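1. Got a predicted structure here, sequence first:
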Amino acid sequence: MLIAAVLCLCAAVVTAGVGTWSLRRPHSTDTVPRVLRSVAPIQLATSVMLAAGGAVALVAPRVTGVMVLMVCVLGAVGTFAAGCYQGAKAGAAMMGLDDAPAGDGCAGSCASCTLSCS
C-alpha cells in the first residue's frame, strides 16, 4: 500500500508540474500551444485527485485506503481522458478555422468546394 501511495503522490507532482508549466508559457496564436494550455486546468484537477488518493492511502486503514485510492485514480484517469478529448475537439475546430479560405475565396466554384455554406 505504501508503494501505491508514493507512486500516486509522485504522479500527482509530475502532473501538477506539467500543468503549471503549460500555464506559465506565453500565449500563442499557434494551435498546439493553445490546446496544451487549455488542457492545463484538467492536469491540475487530475493532480489534486491523485494527491488526495495518495494521502488517504497513506493514513487510512488498508481497506479504506485501497478503495479511496482506486476511486481517485479512476476519477483522475477519466477526468484527464475527457479533458484531452475536449482539447482535441477544440484543436481540430481551431485548425479547421485556420485552414478555411476567406469568405469570398470559393465564390463561383461551388462544384469543387468542400465547405458547407453558412
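-> In hand now; what should we look at?

2. Flag the shaky bits of the protein, pLDDT-wise.
-> Within the chain, the stretches with pLDDT under 70 are 98-118.

3. So which elements touch the lengthiest helix in the chain?
-> Assignment by DSSP state H gives helix 62-99 as the longest helix of the chain. Contacts defined by 3 or more CB pairs under 8 Å, 6 or more residues apart in numbering; DSSP states H and E place helix 62-99 against helix 2-24, helix 31-59. Any C-beta I mention is one placed from the backbone N, CA and C, and that applies to glycine too.

4. what's the most buried one of the ones you listed?
-> helix 31-59 (a mean of 19; mean count of other CB atoms under 10 Å).

5. Now Glu43: closest residue in space, sequence neighbours ignored.
-> One correction, residue 43 is Gln, not Glu. Here the nearest residue to Gln43 in space, its sequence neighbours aside, is Gly19; by CB to CB, 6 or more residues apart in numbering that works out to 3.2 Å.

6. now Leu9: how far from Trp21?
-> Here Leu9 is placed at a distance of 19 Å from Trp21 (CB to CB, to the nearest Å).

7. my bad, should have said Thr46
-> Distance, Thr46 to Trp21, using CB to CB: 14 Å.

8. Same check on Ile3?
-> 27 Å.

9. same thing with Met67?
-> Note on Met67: its distance to Trp21, by CB to CB, is 32 Å.

10. just Pro33 next, same as before
-> Relative to Trp21, Pro33 is positioned 12 Å away (criterion: CB to CB).

11. neighbouring contacts of stretch 82-91?
-> Thr31, Val32, Arg34, Val35, Leu36, Ser38, Val39, Pro41, Ile42, Gln43, Ala45, Thr46 (CB atoms under 8 Å, 6 or more residues apart in numbering).
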